[in-house]
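Participant: what follows is a predicted structure for the sequence shown.
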Amino acid sequence: MSAKRARLDRFISQHCQIPRKQVRLILAKGRVSVDGQVVRDADCQIDQFSQVTLDGQALRQEQPIYLMLHKPVGVVSATKDDEHKTVMDLLPDYQDKGLHIVGRLDLNTSGLLLLTNDSRWSKRIMSPEHKVAKQYLVTLKAPLTQAYVKAFAEGFYFAFENITTQPAQLEILEPHLARVTLHEGRYHQIKRMFGRFRNQVMALHRLSVGNLILDETLAVGEYRPLTPLEVASIFG
């Protein structure tokens, strides 16, 4: 079932292959519970993670999953690929859990990658309305100057999409190393912005998404579940 809400009687009818008229009788007798509470209302709305039982037997007990992965370079952010190893190949215990990627990283970008089966959570992260910050460590071929800081703060016009990027923060850490914070995710945005200075990005590594920072104890290619506090705190 998708993250969209659905009527309880419709779900039981489809799951148990019985007419909805019969489902209403079952509900009236108090045989159905949702999240541990007896429900008699056929119009009751359930979602992807509602725990539904009939006569004490679970009809569905899907649990939300939130993972943090330290993505390596050379691994593609996809569930299937004919040429490259995918991030799902790094998650053998989650192959059949319906996970999707929250904000893809390209083949040659490493760092924090989030995966979940909760589309409401991922949509909120990616929604332009919430302006969830993504922070990157960028290694450049040519040295940086203060002109970069000013240009990133003002935004860049991309004629192909006919858009101007939102203000971004650039902090020069070393002559060839910068920390960049974006509040949007345009196609190859960081590489294209540095491309305006004809400065090649040699390495790109995502440090954080919102308030969630890549766990420094995770080796490249390793992952772990997020804690409930991390799931909630990503939005601040």
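Facilitator: In hand now; what should we look at?
Participant: what sits against residue 85?
Facilitator: By Cβ atoms under 8 Å, 6 or more residues apart in numbering, the contact set of residue 85 is 74-76. Using the backbone N, CA and C atoms, a C-beta is placed for each residue, glycine as well.
Participant: elements contacting the strand or helix carrying residue 202?
Facilitator: Taking DSSP states H and E as the definition, one finds residue 202 inside strand 201-209. Of the remaining helices and strands, those touching strand 201-209 by 3 or more Cβ pairs under 8 Å, 6 or more residues apart in numbering; DSSP states H and E are strand 109-116, strand 134-140, helix 189-195.
Participant: what is the lowest-mean-pLDDT helix or strand in the chain packed up against?
Facilitator: Counting by mean pLDDT, DSSP states H and E, the weakest-scoring helix or strand in the chain turns out to be strand 57-60, with a mean of 84. Based on contacts counted as 3+ Cβ pairs under 8 Å, 6+ apart, the elements that strand 57-60 packs against are helix 8-16, strand 52-54.
Participant: mean confidence score for the longest one?
Facilitator: Helix 8-16 shows a mean pLDDT of 90 in the predicted model.
Participant: how about low-confidence regions in this structure?
Facilitator: For the chain, applying pLDDT under 70 flags the ranges 1-4, 236.
Participant: hmm, back to that, can you list the helices and strands packed on strand 57-60 in JSON lines and add mean neighbour count?
Facilitator: Putting the helices and strands packed on strand 57-60 into JSON lines (neighbours: other Cβ atoms under 10 Å) gives the following:
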{"stretch": "helix 8-16", "mean neighbour count": "17"}
{"stretch": "strand 52-54", "mean neighbour count": "18"}
